[in-house]
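Trainee: sequence and predicted structure are below.
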Amino acid sequence: MTPTRIVIFAKVPIPGKAKTRLIPTLGESGAAHLAHRMLLATVAEAEAAGLSIPELCATPHPNDPEWQAFQPSAKIRLTDQGDGDLGERVGRAASRVIREGENVLLIGTDCPGLDRHKLREAAATLVINDAVIYPTLDGGYALLGLRHFDASLFEDIAWSGPKVAADTICRIETLGWSLSVGEALRDVDEPEDLDAVKEFL
């Protein structure tokens, strides 16, 4: 069976750079604290899923001094997101993992509902489907899982808009790939989302 690697995309959780939409509510330090707690929780769930060794795809480069206080686990692979917009960075990671002979689950750190059980479920889905997606309630997606790579899934996507998941699903269908669509999950991006992460505040 083809192994599956979880790739977690994260920016360094330091004040002023993390969870910027929550700064008016939590302050710079509070928003950074929340980002750090959610990063640690995401890594813990990825490790507990029991798939391949997870990968933290970081910005800035994981060797940057800003990351030194925030290394989340000795067990995780650390890679650099590199340059480009979000689509270029995520697409580059997806292409690399698939070239290395593994299926890939692409996730962020903003979705507390994306636990070890859903990660295992998504990996199992890729045994019989070419792709799996877990949309978010705001129109994005919390997880995109792939057995194959196609650049069209990451090019010319309005990443901050409300149609990211819908556009991605449409493109997967255009490719003729089999697709499983999971339940819609909640991202934590805005003040009204904070009740989903009270234990992290």
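Mentor: Right, received. Where do you want to start? Numbers count the residues shown, from 1 in each chain.
Trainee: could you say what helices and strands the top strand by length along the chain packs with?
Mentor: Counting residues, the longest strand found in the chain (DSSP state E) is strand 4-11. Counting contacts by 3 or more Cβ pairs under 8 Å, 6 or more residues apart in numbering; DSSP states H and E, strand 4-11 packs against helix 23-48, strand 55-59, helix 86-99, strand 103-107. C-beta here means a position set from N, CA and C on the backbone, and glycine is covered the same way.
Trainee: which stretch among the ones you listed comes nearest Ala151?
Mentor: Nearest of the helices and strands packed on strand 4-11 to Ala151, taken as Cβ to Cβ: helix 86-99 at 6.0 Å.
Trainee: hmm, who's touching stretch 65-74?
Mentor: The contact list for stretch 65-74 (Cβ atoms under 8 Å, 6 or more residues apart in numbering) reads 12-14, 36, 39-40, 43-44, 47, 56, 58, 60-61, 78.
Trainee: grab the nearest non-local neighbour of the most centrally placed residue in the chain.
Mentor: Computing the C-alpha centroid of the chain and ranking residues by Cα atoms, centre = their mean puts Ile107 first, at 1.7 Å. The shortest distance from Ile107 to any non-neighbouring residue, by Cβ to Cβ, 6 or more residues apart in numbering, is to Leu143 (5.0 Å).
Trainee: contacts only, for the nearest residue to Ala48 once chain neighbours are set aside.
Mentor: Distance criterion Cβ to Cβ, 6+ apart; nearest residue to Ala48, sequence neighbours excluded, is Arg116 at 4.2 Å. Neighbouring residues of Arg116 by Cβ under 8 Å, 6+ apart: 45-46, 48-50.
Trainee: so what's the backbone phi/psi at Arg116?
Mentor: Backbone torsions for Arg116, taken as degrees, to the nearest 10, come to phi -60, psi -30.
Trainee: list buried residues within the contacts of stretch 65-74.
Mentor: 12-14, 36, 39-40, 43, 47, 56, 58 (16 or more other Cβ atoms under 10 Å).
Trainee: which of those sits closest to Met1?
Mentor: Distances from Met1 to the buried ones among the contacts of stretch 65-74, taken by Cβ to Cβ, are shortest for Glu47, at 19.6 Å.
Trainee: for Glu121, what are phi and psi?
Mentor: The phi/psi pair for Glu121 (degrees, to the nearest 10) reads phi -60, psi -40.
Trainee: can you list the weak-confidence ranges in this structure?
Mentor: Applying pLDDT under 70 to the chain picks out no residues at all.
Trainee: and with 90 instead?
Mentor: Scanning the chain with the threshold set as pLDDT under 90 gives 1, 17, 63, 66-75, 160-161, 189, 193, 195-201.
Trainee: Asp130 versus the closest residue to Leu175 other than its chain neighbours, what's the distance?
Mentor: Spatially, and ignoring its direct neighbours in sequence, Leu175 is nearest to Asp150 (5.8 Å; Cβ to Cβ, 6+ apart). Distance of Asp150 to Asp130, given as Cβ to Cβ, to the nearest Å: 10 Å.
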